[in-house]
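> fold the following.
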Amino acid sequence: MRIVYMGTPDFAVKPLEALIAAGHDIVLAVTQPDKKKGRGKEMQPTPVKECALRHGIEVFQPVKIKSEEAVQRLRACDAELFVVAAFGQILSQEILDMPHYGCVNIHASLLPKYRGAAPIQWAILNGERETGVTVMQMEAGLDTGDMLLKEVVLIDAKETGETLHDKLSEAGARLIVRAIPLIEGGKLTPQKQNDAESCYAKMLTKELGHIRWEKSAAEIERLIRGLNAWPSAYTYLEGKTLKIWEADVVPESDETYVRLAQAEPELIRQPAAVIEVTRSELLVVCGEGLLRILQLQLEGKRRMGIEEFLRGKSLEKGIRLGE
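Numbering: from 1, shown residues only. Below is the predicted model:
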C-alpha cells in the first residue's frame, strides 16, 4: 500500500521498520523539526527521521502540519493511507479526509483507557496489570476515533516505563502490519469508544517525579518504575537531588516491618525517615509500608546499587529524605 508515515520518537521507529519490511511503499516520512539537545545544544534529528533516511525515504518536517504548505505536500503524495504513531501534532479534518483509507493511529494503550500523551507510564503508575496497543481510525478528537484492532500486553511486576515502551513499540509494529491488509480488504469492523471508560494520560513533567513520602510504599515504587528512564523519581539527601531507580515494597504484614515497628515505634510513623541502614540495606518509612532502596543516584554521581552507594556514603538511622 502507498503510505505516508507520521511519527517522531523512538516508539514510532519499529512500526516504520515493520511497514518497510512488509513491502509497503512509504512515500513520505513526516516528523517533527530537529531540536537542540545535549550540553553542546547541537541540532539532533528525530529517531523517525534517522530511520527514514537510512531506508532512503523522503522526510518532511513541518513546523505546523496544518499549514497550507504542509497540506499541499501531503496531498501531492497521493497516498492511500496515513499511518500515525506519536507524531506530536494534531491533524486537521482536511488532512484526515485526504487518503482513500483515511488516517490510522498506533496508540500505546487499550483504548478508551489512557487517551493522551503518556499512556505507557500512567498504566504503570496506576498499577494496571495489562495494557496494549490499539490501531484506531483517526478523527478530530484526541484519541477518540473508532477502534480497529488491539493487542494486549501484560505488565510485569518489575516493568519500567522504558521496558514497557519497548514492548509496546514492538506490539505496535506487529499490529499495524496485521491491520493494513484487513483495512484494505474491508475486513475490520470499527468499534466506537465508550467515553465513560476513558481516562486522560497527561504529559509527564519533572515535578511529577518528586517523591511524596506520605504516600504508600506501593505507590512510590510504581512511580519509580513508571518514570524510569524519564523523568525519573527523585527525593533529596542533604540538599542534593537523589534519584531512585529501583526499589522494593516492604508491606506492613512483612516480618521486617513488624520487627522495626516494635523496635522503632516513633520513627516508623515518620514518612521519609531512614529507619534502617546496614552495609547492604536502606529502608525508608512511607505513609504505608517501607521502601527498600536497591539502586540510586546522588546528584553529580553515576547510578549505582545500594551496597556500592553505602560504601561511599555514610547514613545515620533517623535522617530524613526530602527537602
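> output the contacting helices and strands for the longest strand along the chain.
Counting by DSSP state E, the longest strand found in the chain is strand 240-250. Strand 240-250 is packed against helix 217-226, strand 233-237, strand 290-298, with contacts defined by 3 or more C-beta pairs under 8 Å, 6 or more residues apart in numbering; DSSP states H and E. The C-beta positions use only the backbone N, C-alpha and C, and glycine is treated the same way.
> can you give me the helices in the stretch 51-200 of the chain?
Per DSSP state H, counting those that start in this stretch, the stretch 51-200 of the chain carries helices over the ranges 68-76, 93-96, 119-125, 161-184.
> name every strand pairing with the longest strand of the chain and say which way it goes.
Paired neighbours of strand 240-250 in the sheet (DSSP bridges): strand 233-237 (antiparallel), strand 290-298 (antiparallel).
> of all the ones you listed, which lies closest to Leu283?
Leu283 lies closest to strand 290-298 among the strands paired with strand 240-250, at 4.9 Å (C-beta to C-beta).
> got the angle for that closest one vs helix 217-226?
Counting by axes from the mean of the first three to the mean of the last three C-alpha atoms, to 10 degrees, strand 290-298 points 30 degrees away from the direction of helix 217-226.
> give me the contact list for strand 290-298.
Strand 290-298 is touched from outside by 217, 220-221, 237, 240-250, 254, 256-257, 260, 275, 281-284, 303-306, 309, 313, with contacts defined as C-beta atoms under 8 Å, 6 or more residues apart in numbering.
> give me the buried subset of the residues you listed.
217, 220-221, 237, 242-247, 249-250, 257, 260, 275, 282-284, 304, 306, 309 (16 or more other C-beta atoms under 10 Å).
> what's the domain layout of the protein?
With domains defined by automatic domain parsing, the chain comprises 2-201, 206-312.
> JSON lines for these, including distance to Gly322 and mean pLDDT?
Formatted as JSON lines, the domains of the chain follow (distance: least, C-beta to C-beta, whole Å; pLDDT from 0 to 100):
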{"stretch": "domain 2-201", "distance to Gly322": "20", "mean pLDDT": "97"}
{"stretch": "domain 206-312", "distance to Gly322": "5", "mean pLDDT": "97"}
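> mind putting those into CSV with distance to Gly318?
Putting the domains of the chain into CSV (distance: least, C-beta to C-beta, whole Å) gives the following:
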stretch, distance to Gly318
domain 2-201, 30
domain 206-312, 6
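> what residues sit buried inside stretch 122-131?
122-125, 128, 131.
> check these and tell me the two furthest apart.
Across the buried residues of stretch 122-131 (C-beta to C-beta), the longest gap, 11.6 Å, separates Leu125 and Thr131.
> just to revisit the earlier point, nearest to Val30, out of the helices and strands packed on strand 240-250?
Of all those, helix 217-226 comes closest under C-beta to C-beta, at 29.5 Å.
> put the alpha carbons of stretch 163-171 into PDB.
Extracted as PDB, the C-alpha positions of stretch 163-171 are listed here (Å, rounded to 0.1, in the frame of the first residue of the first chain):
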ATOM      1  CA  THR A 163      10.900  -1.700  29.200                       C
ATOM      2  CA  LEU A 164       7.100  -1.300  28.600                       C
ATOM      3  CA  HIS A 165       7.800   1.400  26.000                       C
ATOM      4  CA  ASP A 166       9.900  -1.100  24.000                       C
ATOM      5  CA  LYS A 167       7.300  -3.900  24.400                       C
ATOM      6  CA  LEU A 168       4.500  -1.700  23.200                       C
ATOM      7  CA  SER A 169       6.600  -0.400  20.200                       C
ATOM      8  CA  GLU A 170       7.100  -4.000  19.100                       C
ATOM      9  CA  ALA A 171       3.400  -4.800  19.600                       C
END
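> I appreciate the help and will end here.
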